[in-house]
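1. 3D, please:
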Amino acid sequence: MSWTSALPYEWQIGWRYTRAGRAGRRNGFISFISFVSVIGIALGVMALIVVLSVMNGFQKEVRDRMLSAIAHVEILQPQGGALPDWQAVAAKAKEDPAVVAAAPFIAVQSLLARGEDMRGAIVRGVLPAAESQITDLASKLQSDGTFAQLQPGAWRIVLGAELARALGVKVGDPVTLIAPGGQVTPAGVVPRLKQFTVAGVFNVGHYEYDSALALIHLDDAAKLYRTDGPTGVQLKLADVQKAREVGWRLADTLGPEVRVRDWTRTNAAWYDAVQIEKRMMFIILTLIVAVAAFNLVSTLVMTVTDKRADIAILRTIGASPRSVMGIFVVQGATAGVIGTLTGVGLGLLIAFNIGVIVPAIEHTLGVAFLPSSVYLINRMPSDPQMADILPIALISLVLAFLATLYPSWRASRVNPAEALRYE
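-> Numbers count the residues shown, from 1 in each chain. Next comes the predicted model:
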């Protein structure tokens, strides 16, 4: 006694039609088309999972490198300038359970010069001990002793690796910082210049920050830029993914006296571009699944044509049109479920092992998909997420079910007398 014998007869007959043609020649072509439809759905679902997992992996890799140099949330003065009573602002922000640490900072766009070479940079004034609790970069500079050299009045600076390379400087070399604005003298407006000594060089693996970020002590920054204190407070969160949500909550808590900006808005162009690319890729690859799913239409139409006599016999012994329709819905839905589950399984297998599969392909073909001389990331990252996989599976199942409706309705409309006339 098989496991299908306990099911309603619509399920039993639908399952039998799904397997029809494997042993004989009469329905062999229909069975082959059904098999191709299942394989098409499986490959489409697999491709969608693998591509989105790789995109998530790249997004996570770039995001982690970015957030190793910047804070998750920044609290600023809306009109610019120093933030009044930053200690009170930081203390109130830390009352939020999502906030792990807070530190003051001053950030100003300036020019750095060495001889004839001149580069623009974001100069960030920080308190080394507090800053080391905010970013991984600061924590590394604190542990290797670089931050120990940033003492008030010592006028030392830490540069990104690409910025140092562009200026042609190394640790111990002098570099001139040119502050914006200037000071008015009888001879006219003279730019404010200050010579710093390079105390260290960092490399976070993100070009934007390696080429345009410089760190100095907070007190030196306040004197050079003539601010009365820090221009903002940086926050580190327990969950970086909730930065936007926490940012809105802090904005309501702290009121209009301050401006709250999370990392997704600080890097809005990159963040929005990644979201749009991922959304478009999802739509494009879903069309592949849709094409494979609607191959079931042709399979079921041919099955209905081939089984007209069977349908007529079922109708004559009392089967209702609804039951006949259910038989072919079961047949198509079974193919959709098998294809979807197979695709999800293969997709997850590849996504979780892409770090092994891609190097094996590179070794076999003798090529490098991500050469380290060109890309900062020399391996193929992958990050499968349930938020992607579940919608993919549901969409595939829905498309397969929709593809069964018209052929099943056609089957339910078969006239028994007309179908049996030539039998």
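2. in the chain, what spans have low per-residue confidence?
-> 1-31, 182-190, 306-308, 310-311, 313-315, 317-319, 371-378, 413-423 (pLDDT under 70).
3. show me what contacts the residue most central in space within it?
-> Geometric centre of the chain, nearest residue: residue 56, 3.8 Å, by Cα atoms, centre = their mean. The contact partners of residue 56, by Cβ atoms under 8 Å, 6 or more residues apart in numbering, come to 278, 382, 383, 384, 385, 388. Yep, even glycine has a C-beta here, placed from its N, CA and C like the rest.
4. same check, this time on residue 173
-> Residue 173 touches 114, 197, 198, counting by Cβ under 8 Å, 6+ apart.
5. for it, phi and psi?
-> Main-chain dihedrals, residue 173, degrees, to the nearest 10: phi -80, psi 150.
6. Setting aside sequence-adjacent positions, which residue approaches residue 240 most closely?
-> Once flanking residues are discounted, residue 240 sits nearest to residue 72: 5.5 Å by Cβ to Cβ, 6 or more residues apart in numbering.
7. do residue 98 as well
-> Once flanking residues are discounted, residue 98 sits nearest to residue 246: 4.7 Å by Cβ to Cβ, 6+ apart.
8. Tell me how far that neighbour lies from residue 83.
-> Here residue 246 is placed at a distance of 19 Å from residue 83 (Cβ to Cβ, to the nearest Å).
9. More neighbours: which of those two?
-> residue 83 (27 against 23; other Cβ atoms under 10 Å).
10. Who are the contact partners of the more buried one?
-> Contacts for residue 83 were tallied using Cβ under 8 Å, 6+ apart; they are 75, 76, 77, 89, 104, 229, 230, 231, 232, 233, 258.
11. who touches the residue nearest to residue 240 in this structure?
-> Residue 72 touches 235, 236, 237, 240, 243, 246, 262, 263, counting by Cβ under 8 Å, 6+ apart.
12. 6 Å instead, please
-> 236, 237, 240, 243, 263 (Cβ atoms under 6 Å, 6 or more residues apart in numbering).
13. Any chance of JSON lines for those residues, columns distance to residue 169, secondary structure and neighbour count?
-> Below are the contacts of residue 72 laid out as JSON lines (distance: Cβ to Cβ, whole Å; DSSP: H, G, I helix; E, B strand; the rest coil; neighbours: other Cβ atoms under 10 Å):
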{"residue": "236", "distance to residue 169": "30", "secondary structure": "strand", "neighbour count": "18"}
{"residue": "237", "distance to residue 169": "35", "secondary structure": "strand", "neighbour count": "22"}
{"residue": "240", "distance to residue 169": "33", "secondary structure": "helix", "neighbour count": "16"}
{"residue": "243", "distance to residue 169": "34", "secondary structure": "helix", "neighbour count": "22"}
{"residue": "263", "distance to residue 169": "29", "secondary structure": "helix", "neighbour count": "21"}
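14. Quick check: of the residues you listed, which lies closest to residue 123?
-> Nearest to residue 123 among the contacts of residue 72 is residue 263, at 19.5 Å by Cβ to Cβ.
15. pretty sure that closest one contacts residue 244?
-> No. Taking contacts as Cβ atoms under 6 Å, residue 263 lies outside contact range of residue 244: 8.8 Å.
16. And the helices in the stretch 301-423 of the chain?
-> 308-316, 321-352, 354-365, 386-412, 416-420 (DSSP state H, counting those that start in this stretch).
17. Of those helices, flag the one that's most buried.
-> Burial of the helices of the stretch 301-423 of the chain is given as mean neighbour count (mean count of other Cβ atoms under 10 Å); helix 321-352 ranks first at a mean of 21.
18. Helix 386-412 and that one, what's the angle between them?
-> Here the directions of helix 321-352 and helix 386-412 differ by 150 degrees (axes from the mean of the first three to the mean of the last three Cα atoms, to 10 degrees).
19. which strands and helices sit next to helix 321-352?
-> helix 9-18, helix 28-67, helix 268-306, helix 386-412 (3 or more Cβ pairs under 6 Å, 6 or more residues apart in numbering; DSSP states H and E).
20. which of the contacts of residue 56 are buried?
-> For these, a burial check counting by 16 or more other Cβ atoms under 10 Å picks out 278, 382, 383, 384, 388.
21. Wait, the fourth one touches residue 54, no?
-> No. Contact criterion Cβ under 6 Å: residue 384 and residue 54 do not qualify, at 9.6 Å.
22. quick revisit: redo the contacts of residue 56 as TSV? Include distance to residue 48.
-> Shown next, in TSV, are the contacts of residue 56 (distance: Cβ to Cβ, whole Å):
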residue	distance to residue 48
278	11
382	14
383	15
384	11
385	13
388	8
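23. Among those, which one sits closest to residue 300?
-> Nearest to residue 300, judged by Cβ to Cβ, of those is residue 388 at 29.6 Å.
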